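S.K.: here you go, sequence then predicted model.
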Amino acid sequence: MNSEPEPPTWTRDGNTLRRTVTAPDFPTAIGIVTAVAVEAERMNHHPDIDIRWRTVHFALTTHDTGGLTDMDYQLAGHIDRIVAEQGGS
């Protein structure tokens, strides 16, 4: 388990970190999801992702420990970087 404060772009909902991202358009939203998928696969730590047009919802938790771990915070940082690089907010 991890007691780190949530990153400023994320909110904590119980044992889950959540962030909603708005992309400039649908192709950019898909690009963000694709880049996150590649990073998540590299880390072997996969977020829940819901995409609606240009809005992407991310939820991070470590299911096998039933809470938040360092992996969730690391992936949150990677997602923040990806979103910034691709022009999301």
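M.R.: Structure's in. What do you need?
S.K.: flag the shaky bits of the protein, pLDDT-wise.
M.R.: Low-confidence segments of the chain, defined by pLDDT under 70: 1-7.
S.K.: could you redo the last one with a cut-off of 90?
M.R.: Confidence mapping of the chain against pLDDT under 90 gives the ranges 1-9, 63-67.
S.K.: just give me the longest helix of it.
M.R.: helix 26-43 (DSSP state H).
S.K.: quick check, T65 in a helix?
M.R.: No. T65 sits outside any helix when classified using DSSP: H, G, I helix; E, B strand; the rest coil, being coil.
S.K.: ok, how many other residues are close to it?
M.R.: Burial of T65, expressed as a neighbour count using other Cβ atoms under 10 Å, amounts to 13. Any C-beta I mention is one placed from the backbone N, CA and C, and that applies to glycine too.
S.K.: one more: H78?
M.R.: By the criterion of other Cβ under 10 Å, H78 has 17 neighbours.
S.K.: ok but it is inside a strand, no?
M.R.: No. Residue assignment for H78, taken from three-state DSSP, gives helix, which places it outside any strand.
S.K.: ok, the nearest residue to it once chain neighbours are set aside - contacts?
M.R.: Beyond its immediate neighbours in the sequence, the residue positioned closest to H78 (Cβ to Cβ, 6 or more residues apart in numbering) is E39, lying 4.8 Å away. Applying Cβ atoms under 8 Å, 6 or more residues apart in numbering, we find E39 in contact with 75, 78-79, 82.
S.K.: same question, E85
M.R.: For E85, the contacting residues are A35, by Cβ under 8 Å, 6+ apart.
S.K.: next: T62.
M.R.: The neighbourhood of T62, defined by Cβ under 8 Å, 6+ apart, consists of 45, 68-69, 71-72.
S.K.: at 6 Å instead, please
M.R.: With contact set as Cβ atoms under 6 Å, 6 or more residues apart in numbering, T62 has these partners: 69, 72.
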